[in-house]
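Enquirer: From the sequence below, what's the structure:
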Amino acid sequence: MPHLTGATPGTASTDLRTALGIPGFAHPLVAPAEWAELIRPGTPLHWVVLNITGHGPGTRPDQHCLEAAGRLRNAGIRVLGHLDATYGARAFGEMISDAHRYIDWYRVDGFLLGRCPTERVALPEVRRTVTTLRAISDRAHIVLGHGTHPYPGYAETADQLVTFSGSWSDYRWSQVAEWTAEHSPERFCHFVHGVPRGHLDEALRIARWQGAATVYFTDRTDRFGRSDPWETMPGYWDDIVSRIGTGVSE
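Expert: Next up is the predicted model:
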């Protein structure tokens, strides 16, 4: 069982309301069932990431993505545009240009900054990017996709941080950084692939104990880095929706 670093077990999960954050399904033409399933009434969703080309919004509006995003918005579901920060190597102007396209074309409600850097030295530039994103969309919900625990100052910059993104074999023995106990569970997200159906309850307990209110678990794997485990829906989608939607994880 994973253990906390310093924090008292369970204290970070008071009044925890777990829901799903969708890291980004494949294009609606490739995964139409996945996108249709998201608007089923009662599905516990915090947000869905729209990633048109795998790296951003592309060079022109995509009709299929326009329709998918519109259906989500009409269902009251928050849609986030994916911006690739490339661990701090992406040019500021390119990211902001992509953000404008997402807003103009797909009317997104915010952004997930994929491959976000974690180091203290990179924080000022990330803060500059987030400040600009909020200036061009004052209602923007900002998620920093670190995939691991970053320097604590990042928590003051965005609405949410992805502090774990990886395999079940790593997640089940993972540790949570002590500083996260100073923040509410609504500030943190965990994405875990390769979770067997029989370990769903355990995965949900880990997220609760580590204080992450937004989760995505799938039995798909990355095939040792050769595929994207988030592109397709897990085989136990109905099961996880039922568990989270009825509060089993609580």
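Enquirer: what residue ranges in this protein score low on pLDDT?
Expert: Applying pLDDT under 70 to the chain flags the ranges 1-16, 246-250.
Enquirer: Could you point out the longest strand of it?
Expert: The longest strand of the chain (DSSP state E) is strand 160-167.
Enquirer: For the helix or strand just after that one, name the packing helices and strands.
Expert: For strand 160-167, the following helix or strand on the C-terminal side (DSSP states H and E) is helix 168-171. When contacts are defined as 3 or more CB pairs under 8 Å, 6 or more residues apart in numbering; DSSP states H and E, helix 168-171 packs onto strand 188-193, helix 200-210. Quick note: C-beta positions are derived from backbone N, CA and C, even for glycine.
Enquirer: need the strands for the protein, in chain order.
Expert: Under DSSP E, the chain gives strands at 3-4, 19-22, 45-50, 79-84, 110-114, 141-145, 160-167, 175-176, 188-193, 214-218.
Enquirer: Give me the packing partners of the second one, helices and strands only.
Expert: To tie it back to what came earlier, the one meant is strand 19-22. strand 45-50, strand 214-218, helix 237-245.
Enquirer: contact partners of it?
Expert: Where contact means CB atoms under 8 Å, 6 or more residues apart in numbering, the residues beyond strand 19-22 that reach it are 38, 43-49, 143, 189, 191, 213-216, 230, 240-241, 244.
Enquirer: about what we covered before: for the helices and strands packed on strand 19-22, give me TSV that also has mean neighbour count and distance to Ala68.
Expert: TSV is the format used below for the helices and strands packed on strand 19-22 (neighbours: other CB atoms under 10 Å; distance: least, CB to CB, whole Å):
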stretch	mean neighbour count	distance to Ala68
strand 45-50	23	8
strand 214-218	24	18
helix 237-245	17	17
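Enquirer: want to throw those into CSV with distance to Pro32?
Expert: Listed next are the helices and strands packed on strand 19-22 as CSV, based on distance: least, CB to CB, whole Å:
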stretch, distance to Pro32
strand 45-50, 15
strand 214-218, 18
helix 237-245, 14
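Enquirer: Tell me which of those sits nearest to Arg120.
Expert: strand 214-218 (24.5 Å; CB to CB).
Enquirer: For His141, grab the count of nearby residues.
Expert: 19 (other CB atoms under 10 Å).
Enquirer: who's in contact with the lengthiest helix in the chain?
Expert: Of all segments of type helix in the chain, defined using DSSP state H, the longest is helix 123-136. Helix 123-136 is contacted from outside by 85, 88, 92, 95-96, 99-100, 103, 110-111, 113, 116-117, 140, 142, 144, 151, 153-154, 157-158, using CB under 8 Å, 6+ apart.
Enquirer: Can you say which of those are buried?
Expert: Neighbour-count burial (16 or more other CB atoms under 10 Å) is assigned, among these, to 85, 95-96, 99, 103, 110-111, 113, 116-117, 140, 142, 144, 154, 157-158.
Enquirer: How about the contacts made by Asp62?
Expert: 27, 52.
Enquirer: ok, now Gly24?
Expert: Going by CB under 8 Å, 6+ apart, the list of residues near Gly24 reads 49-51, 82, 230-231.
Enquirer: cool, Ala68 as well?
Expert: Each residue near Ala68 by CB under 8 Å, 6+ apart is listed here: 28, 35, 50.
Enquirer: One more: Gly153?
Expert: Gly153 sits next to 120, 123 when contact means CB under 8 Å, 6+ apart.
Enquirer: Could you measure from it over to Leu144?
Expert: 11 Å (CB to CB, to the nearest Å).
Enquirer: do Tyr154 as well
Expert: Distance from Tyr154 to Leu144, counting by CB to CB: 6 Å.
Enquirer: how close does the nearest residue to Val49 once chain neighbours are set aside get to Trp168?
Expert: Nearest residue to Val49, sequence neighbours excluded (CB to CB, 6 or more residues apart in numbering): Gly24, at 4.1 Å. To Trp168, Gly24 is 19 Å away according to CB to CB.
Enquirer: same check, this time on Phe224
Expert: Taking CB to CB, one finds Phe224 at 14 Å from Trp168.
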